[in-house]
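Model the following, please.
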Amino acid sequence: MEKAARLVFIPGQGVGHLASTIQFANLLLERHHHIWITLFVTELQSDTTTAAYTHSLNSNRLQLVNLPETPSDAPLTPMKIIELQKPHVKEAVSNLSPTPPLAAFVIDMFCTGMIDVAKEFHVPSLVFFTSGLAFLGLMLHLHTLKEEENAEFTEPDAEWVIPSFAKPVPTRSLPSIVLRKEWEEFFVAYGRGLKKADGFIVNSFEELESHAAHSFLDGPQLVFAVGPILNPKPKLHPHAPADNADIFDWLDNQPPSSVVFMCFGSMGSFAEDQVREIARALENSGARFLWSLRKAPPKGSNFRTPPSDYAPSELPLILPAGFLDRTAGIGKVIGWAPQAQILAHRATGGFVSHCGWNSTLESIHFGVPIATWPLYAEQQTNAYLLVRELEIALEISLDYRGERESMNETPSFLNAEKIENGLRNLVEIDDEKRKRVVEASENSRKTLLEGGCSYSSFGRLIDYVMNQV
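Numbers count the residues shown, from 1 in each chain. All right, here's what the predicted structure looks like:
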């Protein structure tokens, strides 16, 4: 009888991390029929979406364990939440059936504190890294510079030679946790946590990030690039219409590849003055558009508070007078958007994106060119990667920083002319860049098939897991 193995999965907080973790778990179970997975989920008291992703798990080899709720109003960082959950995870793992035997922990990139628990059970830890290979290399290298040379990343015009990037990375494209003094303690602890892992499972693929993939070949840790891990039919937003028929009826009536889709992720929103500049740019560009416009959380909200949708009666108050009437023939303003399905629609020809990694992979998969407008987290680095390094995207901005990362500072501001210029470049994308987008899309679709790099990497990962028991 073939031996079996159990993996303990610990996803991070947030729908984006949970969705890709579940998608990866499903791929692993499909690929090998003697792997069992126990998935631990930490729910926040204010969380209404976690259940939408977990209630339909129906594999008898995937067991869901709910950890005690974490108070959503407490000022807790992701790392502090993990510290609070350690004893609960230790107890729950102790109570798991001894068959199949535990082989490894698979830990979200923000849950590296759980590596200590894995060590108590004498099994390896693999970090599930939901950003790309180049960004993983950047974080590891910058942490080394900080630890060994006490490097400061404050010189605004400096450029940094990073092994996972073919070109030097400017300071303005580094993530805020590296740039801001108030994040230094978090950054140092985060990098130290990553380096404690036995290896990384990365949601990317070698055909896309070949330079970065090769930079890890002689490194001290294992790297398995197994992406793109996509969720082409995500669960509906709890308050969305059941079928979003109005969106797709409208798209069905647009010419092929004619619509610019503007969407900034589950946490993206803007102040009203920036909203008006976007509206002016859209109208002046003359482009057909589908704009997912979300309302920023109230001032002083917890950083985990997501944006909400505007009521139809609120839109005329924040948009330029007459905008909705003047653009009614070519544009549509919506709230929450079923992003993957919109990107897959034949009418969608361009994507103005915050460059979150899941959104980036979806856009590449469906062959939709991106215009970059990063807001927070690692999105400035992703924008640089797409525009300067891979040359498959166009720039609206590479270094915009949203209100949530600016602490008490004023967020960046883009005027209508700059936005309009980016929109026009997206609509009129040159043949060479479009060719690279098409090639990346084809590679995205092939890499998980037999013969592709991610298919092979999945095989090596499974061999590694099975060799632990």
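
okay, CA-based contacts and neighbour counts for the rest of this
Noted.

What's the local residue count around the spatially closest residue to A212 that is not a sequence neighbour?
Among residues not flanking A212 along the chain, S164 sits closest, at 4.2 Å (Cα to Cα, 6 or more residues apart in numbering). Taking other Cα atoms under 10 Å as the criterion, the count of residues near S164 is 24.

list the contacts for S164?
133-135, 137-138, 211-213, 215-216 (Cα atoms under 8 Å, 6 or more residues apart in numbering).

List the buried residues in stretch 184-198.
Residues 184, 187-188, 190-198 are the ones in stretch 184-198 that count as buried (16 or more other Cα atoms under 10 Å).

And for it, what's in contact with it?
Contacts for stretch 184-198 (Cα under 8 Å, 6+ apart): 109-110, 112-113, 115, 124-127, 139-140, 143, 146-147, 177-178, 221-222.

In strands only, show me the residues you listed.
Among these, the residues falling in strands (DSSP state E) are 125-127, 222.

Go ahead and confirm E378 touches L174.
Yes. With contact defined as Cα atoms under 8 Å, E378 reaches L174; the gap is 7.5 Å.

of those two, who's got more company?
When E378 and L174 are compared for neighbours, L174 comes out ahead with 25 against 21, by other Cα under 10 Å.

Not including adjacent chain positions, what is the nearest residue to that one?
T381 (5.6 Å).

immediately after the strand or helix carrying that neighbour, which helix or strand?
Element membership for T381 (DSSP states H and E) is helix 379-384. Following helix 379-384 in sequence order, the next helix or strand is strand 393-395 (DSSP H and E).

Could you list every helix and strand in contact with that next one?
strand 370-372, helix 416-427 (3 or more Cα pairs under 8 Å, 6 or more residues apart in numbering; DSSP states H and E).

In it, which residues are buried?
Quick answer for strand 393-395 (16+ other Cα under 10 Å): 393-395.

Could you export the residues you listed as TSV, including distance to P369 and pLDDT?
Formatted as TSV, the buried residues of strand 393-395 follow (distance: Cα to Cα, whole Å; pLDDT from 0 to 100):
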residue	distance to P369	pLDDT
A393	6	98
L394	8	98
E395	11	97
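
out of these, which one sits closest to V438?
A393 (11.8 Å; Cα to Cα).

Against N60, how distant is that closest one?
42 Å (Cα to Cα, to the nearest Å).

Could you list the low-confidence segments of the stretch 151-300 of the chain?
Within the stretch 151-300 of the chain, the stretches with pLDDT under 70 are 232-243.

What ranges does the stretch 251-400 of the chain have for its helices?
272-285, 315-318, 323-326, 339-344, 357-365, 379-384 (DSSP state H, counting those that start in this stretch).

Next, the contact list for G335, please.
G335 neighbours (Cα under 8 Å, 6+ apart): 292-294, 309-310.

cool, and C263?
C263 sits in contact with 291-293, 337, 339, 351-354, where contact means Cα under 8 Å, 6+ apart.

Count the neighbours of the closest residue to V427 other than its chain neighbours for me.
Nearest in space to V427, with sequence neighbours left out and distances taken as Cα to Cα, 6+ apart, is G350 at 6.9 Å. Counted with other Cα under 10 Å, the neighbours of G350 add up to 26.

pretty sure D399 is touching R172, no?
Yes. Between D399 and R172 there is a contact at 5.8 Å, judged by Cα under 8 Å.

Need the residues touching each of the two.
What both D399 and R172 touch, as defined by Cα under 8 Å, 6+ apart, is the set Q380.

about what we covered before: which secondary structure element contains the residue nearest to A212?
S164 belongs to no helix or strand, assigned by DSSP H and E.

check contacts around the residue nearest to R346 when sequence neighbours are not counted.
Take R346 and drop its neighbours on the chain: the residue closest to it by Cα to Cα, 6+ apart is P256, 5.4 Å away. Going by Cα under 8 Å, 6+ apart, P256 touches 346-349.

Could you check how far P256 is from G350?
P256 is 11 Å from G350, where distance means Cα to Cα.

Equivalent analysis for N415, please.
From N415 across to G350, the span is 20 Å (Cα to Cα).

for F289, what are its contacts?
Contacts of F289 by Cα under 8 Å, 6+ apart are 259-262, 282, 330-332.

Name the member of those residues with the most neighbours.
For these, neighbours tallied by other Cα under 10 Å; top is V260, 27 neighbours.

which residues sit in contact with that one?
287-290, 348-352, 427.

redo that, cut-off 10 Å
282, 287-291, 331, 343, 347-352, 368-371, 423, 426-427 (Cα atoms under 10 Å, 6 or more residues apart in numbering).

Only the buried subset of the residues you listed, as a ChimeraX command please.
The ChimeraX selection below is limited to those of these classed as buried (16+ other Cα under 10 Å):
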select :282,287,288,289,290,291,331,343,347,348,349,350,351,352,368,369,370,371,423,426,427
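
residues of stretch 335-348 that come out buried?
For stretch 335-348, the neighbour count (16+ other Cα under 10 Å) marks 335-340, 342-348 as buried.

Take these and write them to a markdown table, including pLDDT.
As requested, the buried residues of stretch 335-348 are exported to a markdown table (pLDDT from 0 to 100):
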| residue | pLDDT |
| --- | --- |
| G335 | 95 |
| W336 | 93 |
| A337 | 94 |
| P338 | 94 |
| Q339 | 94 |
| A340 | 94 |
| I342 | 97 |
| L343 | 97 |
| A344 | 96 |
| H345 | 97 |
| R346 | 97 |
| A347 | 98 |
| T348 | 98 |
